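> Below is the sequence, then the predicted model.
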Amino acid sequence: MSKRAKLVSPFVGRRSTGAIPDRVQEVVAEFEADSERLIGWVQFGIGIFITLLYFISPRPSDALMQQPVPVSLAIYLAFTALRLFLSYRTRLPGWFLVVSMLVDIALLYGLIWYFHIQYGQSAGFSLQAPTVMYVFIFIAIRALRFDPIWVISIGAIAALGWVGMTFYAIHAAGMQAITRSFVEYIQSDRILVGAEIDKIVAILVLTIVLALALTRAKRLLAAAVLEHVEREEIRRFLPADVERVITKSPVAVVAGDAEERDAAIIVLDIRGFTKFVEANEPKRVVETLVGLHALIVPIIQRHGGIVDKYLGDGLLATFGATSPSQTAAADALRALVEIMDVSAHWSRTMAEEHGDGSLRVNGAATAGPVVFAALGDEFRLEYTVIGDAVNLAAKLEKHNKVEATSALTTRGTYDLACIQGFSAAEQATQRGGCQVAGVEKPTDLVVIAA
C-alpha cells in the first residue's frame, strides 16, 4: 500500500478493505492541492490586512525609523506570495508547510513582542495586546485542508510559542511583575499567569476540537470521494436515465419494482457476424463491435433513447421507458433511419478496407405498452423492459432475413410515429399481411430500409 493510501484508508471506515485505488488517491490529492492554494490566498489576505492595520494604527512619530515591523511584514508577504506561487506549480512538501506555519506564528508573536518596545513599556505589556486573537485565525485556516495533522501542528506551535512569550515576559520584567489581581492586570502591565494559561488552554481546546471535527470530516470526504469515483465508473455501465431512476428513488429499489410505460423499442443485430468471428482474432472482433457501437450509440442518445443492453453482436434500445415520453415512437424511427444510413456506410467501409463485405446491420422498431422493471435478487439488480413490444421487435429484426430488408416496423408503430411528428421516410414501403415467425396473426409491416 502506498503512503497516501495508508493516510486515507483509516478514514474511509468499513468500506476500506484494501488499498485505495489510484484514481481515488488522485482526486484526494487534487482536493488537498486546491485547499493549499485557498490557504495561501487567505494567508496572503491576512498579511495584507495586518500591514494595512499597522500603517493606520497610531504609534510614536519616529516609529518607522526605529521599528523593524515594516521589514518583517514585507518579508512575510514575499514568503506568502512565494508559497502561493509554488502551490500552483507543484505539491508543497510537508517540511515546507511546517516552515510556513512557523513563519505565520513567528510574524504574529514577533509583532506582539515588539509592542512593549514600540510603546516603551515593560515586557508584560505585550501579553495584553489584542493581536493575539489572530492566532485563532491562523489555526482555523488550516482546517481548510481537511487534514487534522496540520491543525494539531500549528496549534502546538502556537501554544508552545505563547508559553515562551509568557516566560520571556516574566524573565524580562522579573517575578515582581506577576500579580494575582485581575484589576491590577487590566489597569497596568503586570502579568496575570492565570490569564496567560487561559489563552494557552483556549488555543489547545480549539486545536483539539478542530482536529476531532476534521477527523470526522475527512472520513466523510474520503468515503464521498470513493463513492463519487465508483459512481462515475458504474455510470459507464448504466444508462444515465437508469442511473437517475436509481439515485432519485425515494426508497431503495428492490426486485419487482416496476412501472408501466408507453415506450418504443429498437433491436439491432449484425448479419454475417458469426462467420466474421470464426475468421478473425477475438481482439479484431471486439474492435469491430466497439467501432460500430461508437457510431450507433450516440445516435440513440441524441434521439432520447438509451441502450438497455448489449446482446452479443446486437443491442436493445428503449425510448420513453425510463421516463414518460410523448414522442417515443417518432424518436425511435428517427433514430432507426439514421442508424441504417450510418451502418450502410460502415458496411461499405468494412468491405472496401478489410474485405468483410458480408457484415450488415439489421434493425426493427416497435411501440406499445411495456413494463420498466427491476429484476434480480437482493444482491444484484438489473433494470430492463418487458412486454409484447419488446418481443415483437426481436422477432421483426429476425424477420428482415425473410423479407430481404434491413429495417422493419409495424404499421401501427409507423402511424403512431407520424402522429407524433415523424416525417414519412422516402424509402418506406408497406407490406401487408406478413406472417412473422412467433406471431399468430398476420402483421402489416413497413420497410424502413431495404
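That came through fine. Numbers count the residues shown, from 1 in each chain.
> got the end-to-end distance for stretch 121-134?
Between the opening and closing residues of stretch 121-134 there is a gap of 22 Å (C-alpha to C-alpha, to the nearest Å).
> Quick one: mean pLDDT over that stretch.
What stretch 121-134 shows for mean pLDDT is 87.
> Which parts of that stretch count as buried, going by neighbours?
By 16 or more other C-beta atoms under 10 Å, the buried positions in stretch 121-134 come out as Ser122, Ala123, Gly124, Phe125, Ser126, Leu127, Gln128, Val132, Tyr134. Every residue, glycine included, has its C-beta placed from N, CA and C.
> TSV for those residues, including secondary structure and distance to Ile48?
Compiled in TSV, those are given as follows (DSSP: H, G, I helix; E, B strand; the rest coil; distance: C-beta to C-beta, whole Å):
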residue	secondary structure	distance to Ile48
Ser122	coil	31
Ala123	helix	29
Gly124	helix	30
Phe125	helix	27
Ser126	helix	23
Leu127	helix	26
Gln128	helix	25
Val132	helix	20
Tyr134	helix	13
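> and which of those is nearest Thr288?
Of all the buried residues of stretch 121-134, Tyr134 has the smallest distance to Thr288: 66.7 Å, by C-beta to C-beta.
> hey, C-alpha coordinates of the biggest strand by length in the chain in PDB?
Secondary structure of the chain per DSSP state E: the longest strand is strand 360-376. Extracted C-alpha coordinates of strand 360-376, given in PDB (Å, rounded to 0.1, in the frame of the first residue of the first chain):
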ATOM      1  CA  ARG A 360     -24.700  -5.900 -42.400                       C
ATOM      2  CA  VAL A 361     -26.800  -4.200 -39.700                       C
ATOM      3  CA  ASN A 362     -30.400  -5.200 -39.400                       C
ATOM      4  CA  GLY A 363     -32.900  -3.500 -37.200                       C
ATOM      5  CA  ALA A 364     -36.500  -3.200 -36.100                       C
ATOM      6  CA  ALA A 365     -38.600  -0.800 -34.100                       C
ATOM      7  CA  THR A 366     -42.000  -1.300 -32.300                       C
ATOM      8  CA  ALA A 367     -44.000   0.800 -29.900                       C
ATOM      9  CA  GLY A 368     -46.500  -0.100 -27.200                       C
ATOM     10  CA  PRO A 369     -47.100  -0.700 -23.500                       C
ATOM     11  CA  VAL A 370     -44.100  -2.100 -21.600                       C
ATOM     12  CA  VAL A 371     -43.100  -2.600 -18.000                       C
ATOM     13  CA  PHE A 372     -39.900  -1.000 -16.900                       C
ATOM     14  CA  ALA A 373     -38.900  -3.300 -14.100                       C
ATOM     15  CA  ALA A 374     -36.100  -4.100 -11.700                       C
ATOM     16  CA  LEU A 375     -35.200  -7.800 -11.900                       C
ATOM     17  CA  GLY A 376     -32.800  -9.900  -9.900                       C
END
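> That strand pairs with which strands, parallel or anti?
strand 258-271 (antiparallel), strand 381-386 (antiparallel), strand 407-410 (parallel) (DSSP bridges).
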